[in-house]
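*Asks:* Curious how this folds, go ahead:
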Amino acid sequence: MSRLTITGLLLASTVLVGCVSAPQVTDDGLARVDGFRFADVYVRPGADLSHYQHLEVTDCQVAFRKNWLRDQNRDSRSVSTRLRQDDVDRIRSEVGTACNTEFRAALEKAPAYPLVDVPPEGEDTLILQPAIVNLDINAPDVQSAARMRSYTTSAGEMTLVLEMVDGATGEVQARIVDRRRGVDQGTLQWTSSVTNRAEFNRTLKRWADLLRDGLDRVRAGSDAA
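*Replies:* Got it, this is the predicted structure:
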């Protein structure tokens with residue numbers, strides 16, 4: 001995914017999540033549809049997602065909430081507990097890898113969807129481009145010699161923006177936007193990389209399962225017709 005595309009996704013998610021009511025039609029002509037368990041689903045009028053014979057899943061792109069690193073370090077008690085760019089890059093890589101794993105696993109469950117790494121010639125490939133944006137981890141672990149514990153009521157939040165793109169034309173056929181916040185425990189709980197990872201993996205798996213369910217329903221509807 002190009003830098004321009006990820007920037008567009010960030011802007012789109014900011015607008016959609018920030019609105020009290022989501023727009024019925026996006027700037028690029030996608031219309032909001034109901035009946036799916038994602039917060040917002042937009043489909044291009046007349047698009048037929050059921051005719052695609054192959055799916056390509058691109059590597060998940062990850063972007064933190066604006067000023068997340070600055071805010072995390074603002075109240076740091078010592079230099080040793082400050083987050084560095086290496087920490088940011090490591091977390092982005094871990095979240096991206098987990099996202100890739102969960103989406104592929106959901107689509108490869110029997111009956112598996114035909115996933116391809118290189119789209120064959122023709123017009124039967126739908127490219128899925130997942131991105132995690134506005135990632136906000138409340139108490140990330142810092143890789144340092146200092147021993148410290150962090151306590152939060154929630155691991156944080158993140159937003160999925162997933163575009164479905166026609167492999168032949170590059171035109172976006174559908175877009176999913178869904179914001180999820182970690183379970184609020186109500187009381188302060190010890191937060192670590194282990195608890196953070198478990199919480200975010202649960203969210204990623206839920207998104208992947210919802211996508212699989214949606215694609216199954218689209219295909220079943222086409223078969224019934």
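*Asks:* Most distant residue from the centre of this structure?
*Replies:* Within the chain, residue 78 marks the point farthest from the mean C-alpha position, 32.8 Å out by Cα atoms, centre = their mean.
*Asks:* Pull up the gap between that one and residue 114, please.
*Replies:* 53 Å (Cβ to Cβ, to the nearest Å). (Each C-beta comes from the backbone N, C-alpha and C, glycine too.)
*Asks:* Over to residue 85?
*Replies:* The value you get for residue 85 to residue 114, if Cβ to Cβ is used, is 39 Å.
*Asks:* These two: who's more crowded?
*Replies:* residue 114 (14 against 8; other Cβ atoms under 10 Å).
*Asks:* was I right about that one contacting residue 55?
*Replies:* Yes: applying Cβ atoms under 8 Å, one finds residue 114 in contact with residue 55, separated by 6.7 Å.
*Asks:* count of residues packed around the closest residue to residue 181 other than its chain neighbours?
*Replies:* Leaving aside its chain neighbours, residue 181 sits nearest to residue 157 (4.0 Å; criterion: Cβ to Cβ, 6 or more residues apart in numbering). Residue 157: 18 surrounding residues under other Cβ under 10 Å.
*Asks:* again, but for residue 74
*Replies:* Around residue 74 there are 9 residues (other Cβ under 10 Å).
*Asks:* mind checking how far it is from residue 85?
*Replies:* Distance, residue 74 to residue 85, using Cβ to Cβ: 16 Å.
*Asks:* hang on, residue 29 packs against residue 45?
*Replies:* Yes: here residue 29 lies in contact with residue 45, judged by Cβ under 8 Å, at a distance of 7.5 Å.
*Asks:* for the chain, what spans make up the strands?
*Replies:* Here the chain has its strands, by DSSP state E, at 31-33, 40-43, 54-57, 61-64, 125-137, 150-152, 156-166, 172-181, 189-191.
*Asks:* Of the ones you listed, which is nearest residue 110?
*Replies:* The closest of the strands of the chain to residue 110 is strand 54-57. By Cβ to Cβ, the value is 15.3 Å.
*Asks:* Any idea how far the closest one is from the middle of the chain?
*Replies:* How far strand 54-57 lies from its chain's middle: 17 Å, per Cα atoms, centre = their mean, to the nearest Å.
*Asks:* Kindly export it (C-alpha atoms) in CSV.
*Replies:* Output in CSV follows, covering the C-alpha atoms of strand 54-57 (Å, rounded to 0.1, in the frame of the first residue of the first chain):
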residue,chain,number,x,y,z
HIS,A,54,-9.3,-15.3,-6.2
LEU,A,55,-8.4,-13.2,-3.1
GLU,A,56,-5.1,-11.4,-2.5
VAL,A,57,-4.4,-10.2,1.0
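*Asks:* so what does it touch, helix or strand wise?
*Replies:* helix 85-108, strand 125-137 (3 or more Cβ pairs under 8 Å, 6 or more residues apart in numbering; DSSP states H and E).
*Asks:* Under the pLDDT cut-off, which ranges of this protein? List them.
*Replies:* 1-21, 77, 122, 141-155, 182-195, 222-225 (pLDDT under 70).
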